[in-house]
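> predicted coordinates and the sequence they were generated for:
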Amino acid sequence: MIAKAAPWKHGTISKLSEDISRGGTLAIIDIHGIPADAMLGMRKTLRESMSIRVAKKKLMNRAWNEANLDTGILEEMYGNAVQPALVQTSKYDSFALFSELKKTEAGRAAKPGDVAPKDIVVEKQDTGLAPGPIVGDLNSIGIPAKIMKGSVHIQKDTVAIKEGETFEGDLGMMLSKLGINPIITGLKLISTYENGTKFTPDILDINFDEFRSEVIGAVSATFNLACNVGWLTKVTMPTMLSKAASEAMNVAVEAGVTNDKTLPIFIGRANASMLGLASQLDSSALDDELASILGAAATAAAAESTSVVEETESAPAEAEEEEEDEPEEFGGLGDLFG
């Protein structure tokens, strides 16, 4: 007699095949250790953005094969999943899916039989707990505690359990009272498959802010290099033209080339030199217009000097400047130009 597959298995394979045929991002997650009510809540929250199918590996393999995909890849994707489930989403790529599933993670108290995911260190602290039997309970599991100033204090940093060791007795419960819930539950992503490429969490778990800063820095460095070597593109051209125009202007000014661009600079320099020279003359040698200009400049300089003094009243007094020699007296502007 030939054994027939149960109808529900055909239904499961059909639904799995349907999900796989949609393409997008496919993923294997591990739902081991998630309470049933928490799992229902997660599926309800994520239902609009992804499909989550819980099934045995054998059924997943058959559905994967029916979609003409390499089951060898799926076997690799299972990784260390204890209770695998298949996820399909067209909304998220692998990186975004990892971030979304990460949000479902939460810590819970360790139970006897749980394995420590890392070294659990209880730091020296004031626990804020009221005095009571807890002092003896903590000491009994190797965490030195005593009552100080009306509350329970941990006396020193203590490794409560090392990575890979199994929780026994009341250790997990006591750590939970100290706010330490080391067992992470949630939809744990094992791997994803997208556009023919398999991704694992060590690749997908990135700091986006740090990554964004690195990309911006790399783009800036590349842009500077391209400009410095004269690499002409639509991005570098505006900066290179601006730099060339600035350098050309400097050359023209230094060479004394007169045109509508350099003339205002020459006039400005000449005017500044004239005012500097006029400021050295006796007031009787100045006409009313020049005296007015110099007076306005002196007033502005005095106001600026007063502002600086007010801002630096608390600073140490600087050494007095040496007195300059008295300027020679001139009989008038005629003495300057012969």
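The structure has been received and is ready for your questions.
> when you work out contacts or count neighbours from here on, use the C-alpha atoms and nothing else.
Will do.
> who's in contact with K57?
By CA atoms under 8 Å, 6 or more residues apart in numbering, the residues touching K57 are P84.
> now swap in the one 4 residues further on and tell me
Applying CA under 8 Å, 6+ apart to N61 gives the contacts T71, L74.
> and it, what element?
Element membership for N61, per DSSP states H and E: helix 57-66.
> with G107 instead?
Counting by DSSP H and E, G107 is part of strand 106-108.
> helices or strands up against that strand?
If contacts are counted by 3 or more CA pairs under 8 Å, 6 or more residues apart in numbering; DSSP states H and E, strand 106-108 sits against strand 183-185.
> which is the next helix or strand following the strand it packs on?
strand 188-194.
> count the residues that sit near the residue nearest to N65 when sequence neighbours are not counted.
The shortest distance from N65 to any non-neighbouring residue, by CA to CA, 6 or more residues apart in numbering, is to T71 (6.1 Å). Close neighbours of T71, defined as other CA atoms under 10 Å, add up to 17.
> ok, T71 touching W64?
Yes: at 6.4 Å, T71 counts as touching W64 under the criterion of CA atoms under 8 Å.
> and the strand holding G107, which strands flank it?
strand 183-185 (antiparallel) (DSSP bridges).
> what helix or strand is the residue nearest the centre of the chain on?
Central residue of the chain (CA atoms, centre = their mean): D209, 2.0 Å from the mean position. In this assignment (DSSP H and E), D209 forms part of helix 208-228.
> got the buried residues for that helix?
Of all the residues in helix 208-228, those buried under the rule 16 or more other CA atoms under 10 Å are A226, C227.
> okay, buried residues for the very next helix or strand once past that helix please.
On the C-terminal side of helix 208-228, the closest following helix or strand by DSSP H and E is helix 237-255. Within helix 237-255, the residues scored as buried using 16+ other CA under 10 Å are M240, V253.
> from the rest of the structure, what touches helix 237-255?
Under CA under 8 Å, 6+ apart, the answer for helix 237-255 is C227, G230, T258, K261, T262, I265, F266.
> buried ones among those residues?
For the contacts of helix 237-255, a burial check counting by 16+ other CA under 10 Å picks out C227, T262.
> redo the contacts of helix 237-255 as TSV? Include distance to P131, secondary structure and pLDDT.
Conversion of the contacts of helix 237-255 to TSV gives the following (distance: CA to CA, whole Å; DSSP: H, G, I helix; E, B strand; the rest coil; pLDDT from 0 to 100):
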residue	distance to P131	secondary structure	pLDDT
C227	70	helix	89
G230	74	coil	87
T258	91	coil	86
K261	85	coil	85
T262	85	coil	85
I265	83	helix	87
F266	86	helix	85
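> neighbours of W64, how many?
W64 has 21 nearby residues by other CA under 10 Å.
> and S279, by the same measure?
Residues within reach of S279, counting by other CA under 10 Å, total 16.
> quick check: chain neighbours aside, which residue is closest to it?
L294 (6.9 Å).
> read off the pLDDT value for the one you found.
Among the per-residue scores, L294 holds a pLDDT of 73.
> and A297, by the same measure?
On pLDDT, A297 comes in at 66.
> what does F167 give?
91.
> also K234?
pLDDT recorded at K234 is 90.
> now do S191
93.
> same thing with A160?
What the model reports for A160 is a pLDDT of 90.
> quick one: secondary structure of it?
Three-state call for A160 (DSSP: H, G, I helix; E, B strand; the rest coil): strand.
> give me the number of residues near it?
17.
> was I right to think it contacts V122?
Yes: counting by CA under 8 Å, A160 touches V122, with 6.5 Å between them.
> what residues do the two have in common as contacts?
Contacts common to A160 and V122, judged by CA under 8 Å, 6+ apart, are I143.
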